[in-house]
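Enquirer: have a look; sequence and predicted model below, questions after that.
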Amino acid sequence: MSDAHILELAKAAGLARDWTNASGQPKQVATDDLRAILEALGFPCTGETQCRDSTARLAELNSPHTIPLLLTGTVGRALRLGPLTALAGREFRIELDDGARIDGRFPADMSAGTELPVIEHFGYHRLLAGDVDITLAIAPPHCFGVTDAIAASAAATDDPRLWGLGVQLYSLRRSGDGGIGDFTGLSELARSAARHGAAALAISPVHAMFSADVHRFSPYGPSSRLFLNALHIDPASVLGPDAMQAALAALGGDAVSRMARLEQEELIAWPEAATLRLALLRKLYAQFRIGGDQSDFDSFRREGGGALHDHARFEALHAWRLAQGEDAYWQNWPEGLRNPRAADVEKFARQHADDIGFHEFLQWQAARGLQGAQKAARAAGMPIGLIADLAVGADNGGSQAWSRQTEIINGLSVGAPPDLLNTRGQSWGLGAFSPHAMKAKGFGAYIEMLRATFAYAGGARIDHVLGLGRLWLVPQHASSEHGAYLQYPMQDLLRLIALESWLHRAIVIGEDLGTVPAGFDMQLAQAGLLGIRVLMFQRDGERFLRPDEWPRHAIATTTTHDLPTIAGWWQGRDIDWRVKLDLLEPGQTEGEARHMRARERSALWRAMSETGFAHGDAPPTHAGTASLDAAIGFMSATPSPLAMLPVEDALGLSEQPNLPGTIETHPNWRRRLPQTVDVLLDDPAAAGRLAIMNRSRSATEKS
């Protein structure tokens, strides 16, 4: 087919040929790359027949005459229907979710569309007209916000400027944790943070991983974003400490000594610690089956429904395939196992009912643990409590991609084009929702995921929130340069997020770092979705912005898990790693990188001195405590409604949790905190930095 045909089809599918890189340079996607992406999207165009068929299907999907399954709207604003001529002259009724009803009749001439009656309260309502049944998702004008959380809190305060801690859950230490941070440790940290004045505790993603493949542990590469990571279950919380000790003893061998050794490791030994924890949980499941109270578990299974059962079946199938020495990637399974509804899958489920029950049991225990941590946070006085983290995608070979095949694109990976931080671009191996399937199926899988994210939290951080408007998608096994931006129905997604945030009374934060389209931050602000502003990026040229120059529509933070800590940045520890691993910007020498950092340190110290947060000469690179304390005060004095301090900065640590662009060469997602949660924040230096947060936030309000 001609390039013109390919470009026409790409445009209809929402693919952009032209885009602008992080340096402001215009770029174009090659026609062959567009063809490969269209093929993966389900719109092949190799020959004339294929191209004609794909064009016709896209035309029908995009047609204003197609009756949708779901429409989004806003409270108090007229919702306009397109030219749905099939509805012309029909009587209709709108059934509101509170039982009220609105009756009406569509005009005889629908060629120009029409407006529905204004709906005055948010919720999921139904528009019925004969055999037509359309869900009306009517959202508040903005997301549930920090001031709303304060007003709804039993510990209401007049201070609208809150602060919180951020923590990598796996990094927590406590006696008896077996080498992996768990929900019991999270509960303890939440209570401790609340005592120090924190209103929120943001955590790393706790999505379900692959329990049969303990070598996968990146929290941003999950099997499913609908369920939870069973490795964060505290075994002692299942049936009590005595039962846990009995189960540990029943494992025999050196299980007791291994568990004690793993607790003391500086880095998490994921394969060993995960294998031991899962073996221990299976012993506890066997005990539970014999004498445990089944009623709560049975209720959980009923509420989880088909989605829970699908996830448990995937976990059992995945483990079985690995045990047989077969390919565990579900797209390479025998055809009878690739479809969750297939007879072979049903037969497997009957034959392996105990294994499937075990994985449902794990989800029940994980949900109890996370819910308990949120209850602990709120009971301790946090107006927000836990802030969950929603990863940008789930592994293409995982549970969510297997069970939601009609909604998740097969053959494309979410990634990012080359930018200033990641000069080689990124392809993360994660599946993305199809925007075409979203509309065609009434956004059901997306709403399901939002509800799973908000279920046990007072807030959610949406990773790579730019994906609400567009995602950089890369053909599997191709480099990121061969990707393209795919457009998403941003306004629909923003309304659904706002609606679910109010239904769950949870704030929403969007990670909007990277190559951000012009005006995108204001779109988020208008929707009440808070962006993220990081200290190191808040500059005008080489000048660091004063605290009062930071925006009010974003949270403020010193750093993120993908960036150096303040101490590490001051020391140049990130430069050490980039030199060692050949990750400097193209053409940049080590000397140039260190010279640039020296200028940046001087500029930051000058900004902090001019605003009264730093005094005297800048400390040397090896002694940056004074710079850290000043940076915390500087950041938290901004007018942001919520200031977040990563626990690594509260403790003055120099190593960052993750170094983008690395896998085996840097200990990503493995670092453990140096002290146990019961004393972590009471350390004088850490407590002093939290006191700075309290003073600075209070001073911001008074100013």
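Expert: Here it is on my side, so go on. Numbering: from 1, shown residues only.

Enquirer: so G688 sits in a helix?
Expert: Yes. With DSSP: H, G, I helix; E, B strand; the rest coil as the criterion, G688 is part of a helix.

Enquirer: got the contact list for the helix or strand encompassing T72?
Expert: Using DSSP states H and E, T72 maps to strand 70-74. Strand 70-74 is contacted by residues 79, 81, 119, 127, 134-141, 442-443, 491-492, 495-496 when judged by Cβ atoms under 8 Å, 6 or more residues apart in numbering. Any C-beta I mention is one placed from the backbone N, CA and C, and that applies to glycine too.

Enquirer: before we move on, what about stretch 250-267?
Expert: 173, 175-179, 248-249, 269, 272-273, 276, 279-280, 283, 667, 670-672.

Enquirer: please identify the buried residues of it?
Expert: 251, 255, 258-259, 262-263 (16 or more other Cβ atoms under 10 Å).

Enquirer: pick the one among those closest to L61.
Expert: L262 (51.7 Å; Cβ to Cβ).

Enquirer: hang on, that closest one is in a helix, isn't it?
Expert: Yes. Counting by three-state DSSP, L262 falls inside a helix.

Enquirer: neighbours of the closest residue to it other than its chain neighbours, how many?
Expert: Spatial nearest neighbour of L262, excluding adjacent residues (Cβ to Cβ, 6 or more residues apart in numbering): G179 at 3.1 Å. When neighbours are counted by other Cβ atoms under 10 Å, G179 registers 24.

Enquirer: please apply the same query to V516.
Expert: 15.

Enquirer: correct me, but it touches L468?
Expert: No. Using Cβ atoms under 8 Å, V516 is not in contact with L468, being 11.9 Å away.

Enquirer: on that earlier part again, could you point out which element follows the strand holding T72?
Expert: Heading C-terminal from strand 70-74 (DSSP H and E), you reach strand 80-81.

Enquirer: okay, now the sheet partners of the helix or strand following that following strand, with direction.
Expert: Going down the chain from strand 80-81, the next helix or strand is strand 91-95, by DSSP H and E. Here strand 91-95 has these sheet partners by DSSP bridges: strand 101-105 (antiparallel), strand 123-129 (antiparallel).

Enquirer: centre of the chain versus the last one, how much separation?
Expert: In this case it means strand 123-129. In terms of Cα atoms, centre = their mean, to the nearest Å, the gap separating the centre of strand 123-129 from the centre of its chain is 30 Å.

Enquirer: ok, residues contacting it?
Expert: 71, 87, 90-98, 106, 116, 119, 133-138, 499, 503.

Enquirer: what residues of the longest helix along the chain count as buried?
Expert: Ranked by residue count, the top helix of the chain under DSSP state H comes out as helix 295-323. For helix 295-323, the neighbour count (16+ other Cβ under 10 Å) marks 297, 300-301, 304, 307-321 as buried.

Enquirer: pLDDT of whichever helix or strand comes after that helix, averaged?
Expert: In the C-terminal direction, the helix or strand that comes right after helix 295-323 (DSSP H and E) is helix 335-338. Helix 335-338 comes out with an average pLDDT of 96.

Enquirer: which element follows helix 335-338 toward the C-terminus?
Expert: The element immediately downstream of helix 335-338 (helix or strand, assigned by DSSP H and E) is helix 343-351.

Enquirer: let's see that following helix as PDB, backbone CA atoms only.
Expert: Only the C-alpha atoms of helix 343-351 are listed here, as PDB (Å, rounded to 0.1, in the frame of the first residue of the first chain):
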ATOM      1  CA  ALA A 343     -12.900 -25.700  27.900                       C
ATOM      2  CA  ASP A 344      -9.300 -26.700  28.600                       C
ATOM      3  CA  VAL A 345      -8.900 -23.900  31.100                       C
ATOM      4  CA  GLU A 346     -12.100 -25.000  32.900                       C
ATOM      5  CA  LYS A 347     -10.800 -28.600  33.000                       C
ATOM      6  CA  PHE A 348      -7.500 -27.500  34.400                       C
ATOM      7  CA  ALA A 349      -9.400 -25.500  37.100                       C
ATOM      8  CA  ARG A 350     -11.300 -28.500  38.200                       C
ATOM      9  CA  GLN A 351      -8.200 -30.600  38.300                       C
END
